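Novice: A predicted structure for the sequence below; I have some questions about it.
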Amino acid sequence: MTEHEKIRDLLALAAAGALTGAEERQVAAHLRACPACSNELDAWRSLAADLQCLPTPQPSPRLLQTTLARAQAKLAEQGEEAWNRRVMIFVVAFAWILTVASWPFFHVLSRGFLSLFDPHLGQSWIAFAGFTSLVWLAGGSAAVLLALRQRRERRLA
């Protein structure tokens, strides 16, 4: 592509005032030496001026209200999702801490204080792990069911 062709590609942007400083200087230097490009730029400027005289389409008030309501609903939904995510992280962290902290108590209650020093975890560990797994499974299932219900209610609204 020649220099002349590159400048011709920039003329429409020059008429719209969308060139960088370096591009403007390059186009101005070329226009001083090329009357054909200068005439084409004048045509582009005339077209740009005519386009600015056209009325700007305005959306209807109903469309604005509908769009605003949708945007507000989306923002509220995103805020609710962020809140739910933070609550879920807190609940999971709390549950893990509670699980780890309750192990010694469960172990003492099931086998006595000295069993804490037993190198073999034995039956109490299996019972505790099973119980904890069931509780986590039940809690996770409840959370999933609540999320599905909430999503379905949101779609119906």
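Specialist: Noted; the coordinates are in hand.
Novice: Point to the helix or strand of the protein where mean pLDDT is at its lowest.
Specialist: helix 122-156 (a mean of 77; mean pLDDT, DSSP states H and E).
Novice: Point out the other helices and strands that it packs with.
Specialist: helix 61-111 (3 or more C-beta pairs under 8 Å, 6 or more residues apart in numbering; DSSP states H and E). (C-beta placed from N, C-alpha, C; glycine too.)
Novice: How many neighbouring residues does Leu11 have?
Specialist: 21 (other C-beta atoms under 10 Å).
Novice: Then the one 4 residues further on?
Specialist: For Ala15, the tally of surrounding residues (other C-beta under 10 Å) stands at 20.
Novice: quick one: contacts of the strand or helix carrying it?
Specialist: Assigned by DSSP states H and E, Ala15 falls within helix 3-16. Residues outside helix 3-16 that contact it (C-beta atoms under 8 Å, 6 or more residues apart in numbering) are 19, 23-24, 26-27, 30-31, 34, 37, 40-41, 44-45, 47-48.
Novice: re earlier: and the angle from the least confident helix or strand of the chain to helix 61-111?
Specialist: Here the directions of helix 122-156 and helix 61-111 differ by 170 degrees (axes from the mean of the first three to the mean of the last three C-alpha atoms, to 10 degrees).
Novice: chain center to helix 122-156, what's the gap?
Specialist: 28 Å (C-alpha atoms, centre = their mean, to the nearest Å).
Novice: Ok, stretch 37-53 next?
Specialist: 41 Å.
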